[in-house]
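Asker: sequence first, predicted coordinates after that:
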Number of protein chains: 2
Amino acid sequence: MFVAREFEAANAKYVASFTKGDLQLPPQRKVAVVACMDARLDPARALGLEEGDAHVIRNAGGRVSDALRSIIISQQLLGTREIVIVHHTDCGMLTFTDEVIRDKIRGELHQNADHIAFLPFGDLVQSVKDDILWLRNSPLVLDVPITGYVYEVESGRIVKVEDQ
Amino acid sequence: MFVAREFEAANAKYVASFTKGDLQLPPQRKVAVVACMDARLDPARALGLEEGDAHVIRNAGGRVSDALRSIIISQQLLGTREIVIVHHTDCGMLTFTDEVIRDKIRGELHQNADHIAFLPFGDLVQSVKDDILWLRNSPLVLDVPITGYVYEVESGRIVKVEDQ
């Protein structure tokens, strides 16, 4: 059975107790979270988000350069004025290089992915610092408060990464 | 006060009852969800996801072309073998065009964003169909089950979009 069918069953239960049908489009807490797609991280539960609170942008590694389109839309059209970055321990992005995944794709899919920057990193804390700096240096991103964290998948804790 | 400080307080409560410190890196249910960043949509609650279950990739509109890097990593390195797409009613992507946001950025930030495709859409159901087709036509994406939904922010319900 497809997992999608299980999602439909779970959603029926969600609908049965749903009470949030009148929320507005712009995020109420005016914040955009950029987090890794990792299955063990649930940004809503880990950060105390309710429906309507915040934009949540997620990708492999929680890399901000890959989130730029969404961040611009979040700020320019929907009024968010703070950014929170969440990377995490035991991240898959620590385990490979562009060369490794490109070779795998060439070998197994017989395709060339040399045009894709997969954005892996070798140092977790530095990856958060790099992403904060990347945002601060982007002329397309507003000068807003930016806070970066490492989420510990072992403990559920977010640990703040000090800004440069 | 920054919202980040409120996240830290909420996280302390999450940590206090955290019991999932031994989850594995690969998503247990072998599925990648691609959903909009919209604040009103909580994919975990709406689809019944627990920590460890699924990759959750989110961006403005839940557009798959902007999620390609993450989808490749999810499939090639972390073993997911199903994709679920979730767009939603009252989406901000229905409200503008590339020209509108590029003009706003030119006028207010004095920057040129003509090189960025913001991926807005005019028809919600069609946007889901387009994204399913985009994945099926991508040689870098495995031939896996793909299901698309429209999430109704008014009711909490996911409505399946029939494949072409």
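Answerer: Thanks, I have the structure now.
Asker: residue ranges with poor pLDDT in chain A?
Answerer: Along chain A, the model assigns pLDDT under 70 to residues A:164.
Asker: one more pass at 90, please.
Answerer: Residues of chain A that meet the criterion pLDDT under 90 lie in A:1, A:162-164.
Asker: and the helices in it?
Answerer: Taking DSSP state H to define them, one finds helices in chain A at A:3-16, A:43-47, A:68-78, A:98-108, A:124-136.
Asker: which residue packs closest to residue A:51, ignoring adjacent ones?
Answerer: In space, and not counting its chain neighbours, residue A:51 is closest to residue A:20: 4.8 Å by C-beta to C-beta, 6 or more residues apart in numbering or on different chains. C-beta here means a position set from N, CA and C on the backbone, and glycine is covered the same way.
Asker: is it correct that that neighbour is in contact with residue B:152?
Answerer: No. The pair formed by residue A:20 and residue B:152 falls short of the contact definition of C-beta atoms under 8 Å, at 11.5 Å.
Asker: residues touching the nearest residue in space to residue A:38 that is not next to it in sequence, list them.
Answerer: In space, residue A:38 comes closest to residue A:88 once its chain neighbours are excluded; the distance is 5.8 Å by C-beta to C-beta, 6+ apart. Under the criterion of C-beta atoms under 8 Å, 6 or more residues apart in numbering or on different chains, the contact partners of residue A:88 comprise A:36, A:38, A:40-41, A:62, A:124, A:150-153.
Asker: try 7 Å this time
Answerer: Neighbour list for residue A:88: A:36, A:38, A:41, A:150-151, A:153 [criterion: C-beta atoms under 7 Å, 6 or more residues apart in numbering or on different chains].
Asker: do you know how far it is from residue A:58?
Answerer: For residue A:88, the distance to residue A:58 equals 11 Å [C-beta to C-beta, to the nearest Å].
Asker: likewise residue A:34?
Answerer: Here residue A:34 is placed at a distance of 8 Å from residue A:58 (C-beta to C-beta).
Asker: quick check: neighbours shared by those two?
Answerer: Counting by C-beta under 7 Å, 6+ apart, nothing touches both residue A:34 and residue A:58.
Asker: picking that back up, how about the helices of chain A, which one is nearest chain B?
Answerer: Comparing those by their distance to chain B (C-beta to the nearest C-beta), the top pick is helix A:3-16, with 2.5 Å.
Asker: that closest one close to chain B?
Answerer: Yes. Counting by C-beta under 7 Å from any C-beta of the partner chain, chain B is contacted by helix A:3-16 at A:3-4, A:7-8, A:10-11, A:14-15.
Asker: only C-alpha atoms, please: export that helix in PDB.
Answerer: This file holds the C-alpha atoms of helix A:3-16, laid out as PDB (Å, rounded to 0.1, in the frame of the first residue of the first chain):
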ATOM      1  CA  VAL A   3       2.000   5.600   2.200                       C
ATOM      2  CA  ALA A   4      -0.200   8.200   0.600                       C
ATOM      3  CA  ARG A   5      -3.300   6.100   1.500                       C
ATOM      4  CA  GLU A   6      -2.200   6.000   5.100                       C
ATOM      5  CA  PHE A   7      -1.800   9.800   5.000                       C
ATOM      6  CA  GLU A   8      -5.500  10.000   3.800                       C
ATOM      7  CA  ALA A   9      -6.600   8.000   6.800                       C
ATOM      8  CA  ALA A  10      -4.600  10.000   9.200                       C
ATOM      9  CA  ASN A  11      -5.900  13.200   7.600                       C
ATOM     10  CA  ALA A  12      -9.500  12.200   8.200                       C
ATOM     11  CA  LYS A  13      -8.800  12.200  11.900                       C
ATOM     12  CA  TYR A  14      -7.100  15.600  11.700                       C
ATOM     13  CA  VAL A  15     -10.100  17.000   9.900                       C
ATOM     14  CA  ALA A  16     -12.500  15.600  12.500                       C
END
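Asker: if we ignore the residues flanking it in sequence, what's nearest residue A:3?
Answerer: Nearest residue to residue A:3, sequence neighbours excluded (C-beta to C-beta, 6+ apart): residue B:31, at 4.3 Å.
Asker: who are the neighbours in contact with the one you found?
Answerer: By C-beta under 7 Å, 6+ apart, the contact list for residue B:31 reads A:3, B:54, B:80, B:82, B:84.
Asker: beta partners for it?
Answerer: With DSSP bridges applied, residue B:31 shows beta-bridge pairing to residue B:54.
Asker: and it, how far is that from residue A:20?
Answerer: Going from residue B:31 to residue A:20 by C-beta to C-beta gives 25 Å.
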